[in-house]
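Novice: Coordinates for the following, if possible.
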Amino acid sequence: MTNLEKIVMNVRQCFDQLWSFKLRGTDTIEISTPYSTTTSKFVSIYVTERGGKFIVSDGGLLNSEAYESEIDYENQCLLKILYHFEAFYEVKRTQDKKGVKHYYMTTQKENLIPNMVYEMAQFVSMCASAATVQFEDPKEIEERNSFRTKATSYISSNFKKYEPKFRAPLDKEEFRSVRFSVLMERRNRLNLISYVTGSTAANFRNSIARANMNFEIASASKYNDYIDNKIVLVNNTADGFVLKQIGKQLNILEEHTGQEAVQWSEREKLLAVLN
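Specialist: Prediction:
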């Protein structure tokens, strides 16, 4: 055996040792792969046998930040990358009752599973790594995440009967990129809420523009007749809330929604609107 052949054998042996397997219940096996992310986390893939077919999935780990990278579904740059990978690898997506997204592939042919495990591991690795790229100013990201956390906590506590869905698309197929901060559905009626905030006046105007575009699309969609409220929840405590610089844009948004924006300092007004 030549030195080069020894090197190949050593590489193969080392990679083989990075694979591990663990049964999860009676119909699922977890496969820990040698594929890793830029956060130094190895990718795990789950194979489930159910109803005469095999499901190869990420187990919801990509969306649950198990790889120490957050998939920000409001970041249009990241979404373009994510959708590209979904299309390239033909990965499907679903969401469980807790709102966790699961990415998966299915087959009835057992011999295709190794290739699907490979492709799903590649998909998870690249998406998790892409999510760590800084597309925006860290201060703006912190502002948006902070307000989202506060607003979501308030709505979760006060509107449980609506079973609110957060950062939800208007439609999983036709309008999956049209996402609202909160989507409430009750008795076949919809209430849409968009959070608007920004660390600077320019970022605040961008947030208003995104909300306006989403409401315009919703108004032109087949769901318009079922929408009761189009609500803008404005973070008037943010540094970017400077009325002289954002007032015109905010007025245009209110004209389009037909409702006065609700300011965060007066969030109790939501109770009167929605209850």
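
Novice: low-scoring stretches of the chain, by residue?
Specialist: Applying pLDDT under 70 to the chain flags the ranges 1.

Novice: helices or strands up against the helix ranked longest in it?
Specialist: In the chain, with assignment by DSSP state H, the single longest helix is helix 138-158. Helix 138-158 sits against strand 179-186, strand 189-196, helix 201-219, helix 269-274, with contacts defined as 3 or more C-beta pairs under 8 Å, 6 or more residues apart in numbering; DSSP states H and E. The way it works is simple: take the backbone N, C-alpha and C, and place the C-beta from them, glycine included.

Novice: Need the residues that contact the shortest one.
Specialist: Translated: helix 269-274. Contact partners of helix 269-274, identified using C-beta atoms under 8 Å, 6 or more residues apart in numbering, comprise 155, 158-159, 162, 184, 191, 229, 231, 233, 259, 262.

Novice: And the furthest pair within the residues you listed?
Specialist: 158 and 259 (18.2 Å; C-beta to C-beta).

Novice: one step back: what's the closest of the contacts of helix 269-274 to residue 243?
Specialist: residue 262 (15.5 Å).

Novice: Quick one: neighbours of the closest one, just the number.
Specialist: Residues near residue 262, counting by other C-beta atoms under 10 Å, number 19.

Novice: For it, give the beta-bridge partners.
Specialist: Here residue 262 sits in beta bridges with residue 233, as judged by DSSP bridges.

Novice: Any figure for the gap between it and residue 36?
Specialist: 44 Å (C-beta to C-beta, to the nearest Å).

Novice: list the contacts for residue 176?
Specialist: residue 169.

Novice: how much space is there between it and residue 83?
Specialist: For residue 176 relative to residue 83 (C-beta to C-beta), the value is 8 Å.

Novice: Also residue 92?
Specialist: 13 Å.

Novice: again, but for residue 53
Specialist: On the measure of C-beta to C-beta, residue 53 and residue 83 end up 25 Å apart.

Novice: same check, this time on residue 100
Specialist: Applying C-beta to C-beta to residue 100 and residue 83 gives a distance of 19 Å.

Novice: repeat for residue 124
Specialist: 15 Å.

Novice: Those two - which one has more neighbours?
Specialist: residue 124 (28 against 12).

Novice: so what's residue 140 closest to, chain neighbours aside?
Specialist: residue 199 (4.7 Å; C-beta to C-beta, 6 or more residues apart in numbering).

Novice: so what's the nearest residue to residue 126 once chain neighbours are set aside up against?
Specialist: Take residue 126 and drop its neighbours on the chain: the residue closest to it by C-beta to C-beta, 6+ apart is residue 85, 5.8 Å away. The contact partners of residue 85, by C-beta under 8 Å, 6+ apart, come to 91, 123, 126-127.

Novice: Residue 155 contacts residue 183, correct?
Specialist: No - judged on C-beta atoms under 8 Å, residue 155 makes no contact with residue 183 at a distance of 11.0 Å.

Novice: Looking at those two, which one has more neighbours?
Specialist: Taking neighbours as other C-beta under 10 Å, residue 155 and residue 183 compare with residue 155 leading, 22 against 19.

Novice: if we can go back for a sec, mind checking which of the contacts of residue 85 land in helices?
Specialist: 123, 126-127.

Novice: before we move on, the earlier item: winner for burial among the helices and strands packed on helix 138-158?
Specialist: strand 189-196 (a mean of 22; mean count of other C-beta atoms under 10 Å).

Novice: May I have the strands that pair with that one, each with its orientation?
Specialist: Partners of strand 189-196 in its sheet, by DSSP bridges: strand 179-186 (antiparallel), strand 227-234 (parallel).

Novice: how big is the angle separating that strand from helix 201-219?
Specialist: 160 degrees (axes from the mean of the first three to the mean of the last three C-alpha atoms, to 10 degrees).

Novice: Make residue 1 into 54 and carry on from there
Specialist: Renumbered: residue one is now 54, and that last one reads strand 242-249.

Novice: what about stretch 197-210, distance to the chain center?
Specialist: With C-alpha atoms, centre = their mean, to the nearest Å as the basis, stretch 197-210 stands 16 Å off its chain's centre.

Novice: Tell me the buried residues in that stretch?
Specialist: Neighbour counts over stretch 197-210 (16 or more other C-beta atoms under 10 Å) mark 197, 200-201, 204-205, 208 as buried.
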